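Asks: For reference, the sequence and a predicted model appear below.
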There are 2 protein chains.
Amino acid sequence: MSDEREVTAAVLVIGDEILSGRTKDRNIGYIADHLTRVGIRLKEVRIVADDEAEIVDAVNALRACYTYLFTTGGIGPTHDDITAESVAKALGVPLDIDARALALLNAYFAKRGVEATPARIRMARIPQGASLIRNAISVAPGFMIDNVIVLAGIPDVMQVMLDDVMPNLMTGNRFQTATIKLMRAEGDVADLFAAHQEMYPDVSMGSYPSFTQTGPITQLVLRSTDSKRLEAAVMSLTVKLKVNRLL
Amino acid sequence: MSDEREVTAAVLVIGDEILSGRTKDRNIGYIADHLTRVGIRLKEVRIVADDEAEIVDAVNALRACYTYLFTTGGIGPTHDDITAESVAKALGVPLDIDARALALLNAYFAKRGVEATPARIRMARIPQGASLIRNAISVAPGFMIDNVIVLAGIPDVMQVMLDDVMPNLMTGNRFQTATIKLMRAEGDVADLFAAHQEMYPDVSMGSYPSFTQTGPITQLVLRSTDSKRLEAAVMSLTVKLKVNRLL
């Protein structure tokens, strides 16, 4: 019997600028690291354009499959920011000016002497029933509705929003990871490594090669939520490989 | 009447290590830049785990929707490299040792004094009917079958494979891009910019904000395959914004 609780997630990156190559995504890796640390398993990522039909389809496909869906991008004041309406449409709820969000924005605009233009007020539109996610940088909030967590695309803003929402989420058992680094080509150890995986089917094993000027490097990575099984698999593998364990 | 030919693509990144955060993807942005330069429109990206069912589902979903599907990752010698069999399964074709690939590998192993282990010979398994993609770095080839282009995950190797396969692909009309950089918040210009987009529905317009120590920056990006329409939209926008045009 296992008491393991698997909490899963997907990330949906929204933005033409990522698909054109103009902007290089920096959010996927950051969120991946963050989720891994708290024991949420990131299972899938998609990147789609600023296109309502594509966003709606992806939101509905992903929120049905995983515990949480995180989106990044498309929540600013300009016409190409259509994430809020797309998420509202996907979930079949109204999108109106939210009094809480409007109060936050108006206070911020007043303090900074910034005009509350119609475009800026758009950022107070929040799907009905959502909770707000605090934006400690530029105030316009993200939101969470059902299992969908809507974050900004600008990395600094995305990160403070992620910090705000994480304490509200379920987390699962963390993966423990061990890495064995070999100064050899992965082909040298691949048959041995495959046989080892068969002996420990419950420990996830991957091989990550790279080439350097001094020759090939192979990193064998073993992962498990059970530290004893991981330890056993690592010990046994290091003996077979005749290497010291390197973590 | 337009003689425009739209050539589209998706990228499927395959690998547990990207989803765990252990490895940060560097291929998506590179491929996006490359495709944009030659007039192929990247429309969607997915990242999935080293899981046959997930790879098969994603390959079949994406190859049906776009002119080309590029995959990266999972073509090495170890047991977690399952891209070739997954693509063969998705396309319903056999996967056998390919005589061309085997000859390449055996010549390389002989020259380098490397043993032709069963694991290394796995890298000669190519779906029936595929053409090979040259790997100028570590020889084990990628392949193209129907509209699916299977590349390595190691960025250096992926890049030489991409160079090899690109001349064989159809390309479309290239997007011309103009950028207007403003030292203002995007909220200041968002209403004007939205109205401008409505006047030029055939020119794609996006706004990309960032925050700096000296204040907000907004980059307005206009894109079109028709340089005259782009020029007209940019000229008219710079007049409305009372700025000099910055490209």
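Replies: Perfect, I can see it now. Nothing here was measured: the structure is a model prediction, and the numbers come from that model. Residues are numbered from 1 along each chain as shown, chains lettered A, B, ... in the order given.

Asks: Could you chop chain A up by domain?
Replies: According to automatic domain parsing, chain A comprises the domains A:7-168, A:176-241.

Asks: In space, what's closest to the most centrally placed residue in chain A - neighbours in sequence excluded?
Replies: For chain A, the residue sitting closest to the mean C-alpha position, by CA atoms, centre = their mean, is A:I31 at 3.6 Å. Using CB to CB, 6 or more residues apart in numbering or on different chains and skipping residues adjacent in sequence, the residue nearest A:I31 is A:V11, 5.5 Å away. Using the backbone N, CA and C atoms, a C-beta is placed for each residue, glycine as well.

Asks: Which elements pack onto the strand or helix carrying that neighbour?
Replies: Using DSSP states H and E, the secondary-structure element containing A:V11 is strand A:7-14. Using 3 or more CB pairs under 8 Å, 6 or more residues apart in numbering or on different chains; DSSP states H and E, the elements in contact with strand A:7-14 are helix A:27-38, strand A:40-48, helix A:52-65, strand A:68-72.

Asks: Could you pull out the strands in chain A for me?
Replies: For chain A, the strands defined by DSSP state E occupy A:7-14, A:40-48, A:68-72, A:95-97, A:125-127, A:131-133, A:142-145, A:148-151, A:176-182, A:204-212, A:215-224.

Asks: Tabulate those strands (CSV), appending mean neighbour count and mean pLDDT.
Replies: Listed next are those as CSV, based on neighbours: other CB atoms under 10 Å in any protein chain shown; pLDDT from 0 to 100:
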stretch, mean neighbour count, mean pLDDT
strand A:7-14, 23, 98
strand A:40-48, 24, 98
strand A:68-72, 28, 98
strand A:95-97, 14, 97
strand A:125-127, 23, 98
strand A:131-133, 17, 98
strand A:142-145, 23, 98
strand A:148-151, 26, 98
strand A:176-182, 17, 93
strand A:204-212, 19, 91
strand A:215-224, 19, 94
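
Asks: With A:A107 as the reference, name the closest of those.
Replies: In terms of CB to CB, the element of the strands of chain A nearest to A:A107 is strand A:131-133, at 13.8 Å.

Asks: ok so, going back, can you say which of the helices and strands packed on strand A:7-14 is nearest to B:V45?
Replies: Among the helices and strands packed on strand A:7-14, strand A:40-48 comes nearest to B:V45, with 3.9 Å by CB to CB.

Asks: Send me that closest one as PDB with only the CA atoms.
Replies: Extracted in PDB, the C-alpha atoms of strand A:40-48 (Å, rounded to 0.1, in the frame of the first residue of the first chain):
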ATOM      1  CA  ILE A  40       4.000  18.700  -8.200                       C
ATOM      2  CA  ARG A  41       4.700  16.700 -11.300                       C
ATOM      3  CA  LEU A  42       4.800  18.800 -14.500                       C
ATOM      4  CA  LYS A  43       3.500  16.500 -17.200                       C
ATOM      5  CA  GLU A  44       2.900  18.600 -20.200                       C
ATOM      6  CA  VAL A  45       3.600  22.000 -21.700                       C
ATOM      7  CA  ARG A  46       2.000  23.700 -24.700                       C
ATOM      8  CA  ILE A  47       2.800  27.000 -26.400                       C
ATOM      9  CA  VAL A  48       0.000  28.600 -28.400                       C
END
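
Asks: Mind giving me the packing neighbours of it?
Replies: Judged by 3+ CB pairs under 8 Å, 6+ apart, strand A:40-48 is in contact with strand A:7-14, helix A:16-19, helix A:27-38, helix A:52-65, helix B:16-19, strand B:40-48.

Asks: do the fourth one and chain B meet at all?
Replies: Read that as helix A:52-65. Yes - on the criterion CB under 8 Å from any CB of the partner chain, helix A:52-65 is in touch with chain B at A:E54.

Asks: How far away from the center of its chain is that helix?
Replies: Offset of helix A:52-65 from its chain centre (CA atoms, centre = their mean, to the nearest Å): 16 Å.

Asks: Then the third one?
Replies: In terms of CA atoms, centre = their mean, the centre of helix A:27-38 is set 5 Å apart from its chain centre.

Asks: Which positions in stretch A:228-247 come out as buried?
Replies: By neighbour count on 16 or more other CB atoms under 10 Å in any protein chain shown, the buried set for stretch A:228-247 is A:L230, A:E231, A:A233, A:V234, A:L237, A:T238, A:L241, A:V243.

Asks: quick one: contacts for the third one?
Replies: Okay, so that is A:A233. Residues in contact with A:A233, defined by CB atoms under 8 Å, 6 or more residues apart in numbering or on different chains, are A:H196, A:M199, A:Y200, A:V203, A:M205, A:L222, A:S224.

Asks: Those: which ones sit near chain B?
Replies: Okay, of the contacts of A:A233 touching chain B (CB under 8 Å from any CB), that's A:M205.

Asks: ok so, going back, among the strands of chain A, which comes closest to B:A53?
Replies: Among those, strand A:40-48 comes nearest to B:A53, with 12.1 Å by CB to CB.

Asks: Pull up the pairing partners for that closest one, direction included.
Replies: Strand A:40-48 sits in its sheet next to strand A:7-14 (parallel), strand B:40-48 (antiparallel), going by DSSP bridges.

Asks: Next, the angle strand A:68-72 makes with that strand.
Replies: In terms of direction (axes from the mean of the first three to the mean of the last three CA atoms, to 10 degrees), strand A:40-48 departs from strand A:68-72 by 40 degrees.

Asks: Could you list the low-pLDDT ranges of chain A?
Replies: The model of chain A has pLDDT under 70 over residues A:1-4, A:244-247.

Asks: buried ones in stretch A:57-76?
Replies: A:58-63, A:66-76.

Asks: just stretch A:83-97 next, same as before
Replies: For stretch A:83-97, the neighbour count (16+ other CB under 10 Å) marks A:T83, A:A84, A:E85, A:S86, A:V87, A:A88, A:K89, A:A90, A:L91, A:V93, A:L95 as buried.
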